[in-house]
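>>> pasting the sequence and the predicted coordinates here, then a few questions.
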Amino acid sequence: SQELEQSPQSLIVQEGKNLTINCTSSKTLYGLYWYKQKYGEGLIFLMMLQKGGEEKSHEKITAKLDEKKQQSSLHITASQPSHAGIYLCGADTPPGRFGAGTRLTVKP
Amino acid sequence: DTGVSQDPRHKITKRGQNVTFRCDPISEHNRLYWYRQTLGQGPEFLTYFQNEAQLEKSRLLSDRFSAERPKGSFSTLEIQRTEQGDSAMYLCASSTTRDLRWFFGPGTRLTVL
């Protein structure tokens, strides 16, 4: 079965700094999803990537799926305290799998 | 609100008791997933349904766990003879096969004393 490895496991950054979170799959990704979870709350959908080389942005968050479709990166520009939370990548082959998550702390 | 709902939101039980959780997916969603999440970890896949058929079960789902989706709408997850290790957040999500984004419910937090 497909495994999703996320790195780093946790990240502490100063407000205003940029950061990148990676998600690596052991198999080709046919759909890669990024979610955010605030502590103790449900998961919120951020972006979905399906095509190799695809890049999507929402506000200050950009996600990209590499051409070989086995790795995705999530980049946050000029981080803010509101970006803090757990970022999770998910894939659908087999259905409903997630990485272990990256815990982001943004220090004001 | 037509999002995914879960009931109850919190459950405290004593070891050895049985508990049942309910999930109501978004009405037009034919896929429903159950996950377990512990502190600091991503959701662990437990099982998923497409309509009323349970298509996959994780090895994490021991014999004490059973899930049903009898009419292809709401689903229940039952844990028999609860153990302290069952304490976790149980999340439900739904999706369609056309758009595979998962929509998550708020979760049921289980505490086994």
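Here it is on my side, so go on.

>>> helix, strand or coil for the residue nearest the centre of chain B?
When Cα atoms, centre = their mean is applied to chain B, the residue found nearest the centroid is B:W34 (3.4 Å). Taking DSSP: H, G, I helix; E, B strand; the rest coil as the rule, one finds B:W34 in the strand state.

>>> ok, for it, nearest residue in space, not its chain neighbours?
B:L46 (4.3 Å; Cβ to Cβ, 6 or more residues apart in numbering or on different chains). Where you see a C-beta, it was placed from the backbone N, CA and C, and this is true even at glycine.

>>> verify the stated contact: the one you found with B:S58.
Yes. Using Cβ atoms under 8 Å, B:L46 is in contact with B:S58, at 5.3 Å.

>>> any stretches of the chain with poor pLDDT?
Let's take chain A. Within chain A, the ranges that satisfy pLDDT under 70 run A:1-2.

>>> wrong chain, I was asking about chain B
B:1.

>>> which of the helices or strands spans the residue nearest to B:W34?
Element membership of B:L46 [criterion: DSSP states H and E] is strand B:44-50.

>>> elements contacting that strand?
strand B:31-37, strand B:53-57, strand B:65-68 (3 or more Cβ pairs under 8 Å, 6 or more residues apart in numbering or on different chains; DSSP states H and E).

>>> quick one: closest of the ones you listed to B:I12.
When the helices and strands packed on strand B:44-50 are compared by Cβ to Cβ, strand B:31-37 sits nearest B:I12, at 16.9 Å.

>>> paired strands for that closest one, with orientation please.
Taking DSSP bridges as the criterion, strand B:31-37 pairs within the sheet with strand B:44-50 (antiparallel), strand B:88-95 (antiparallel).
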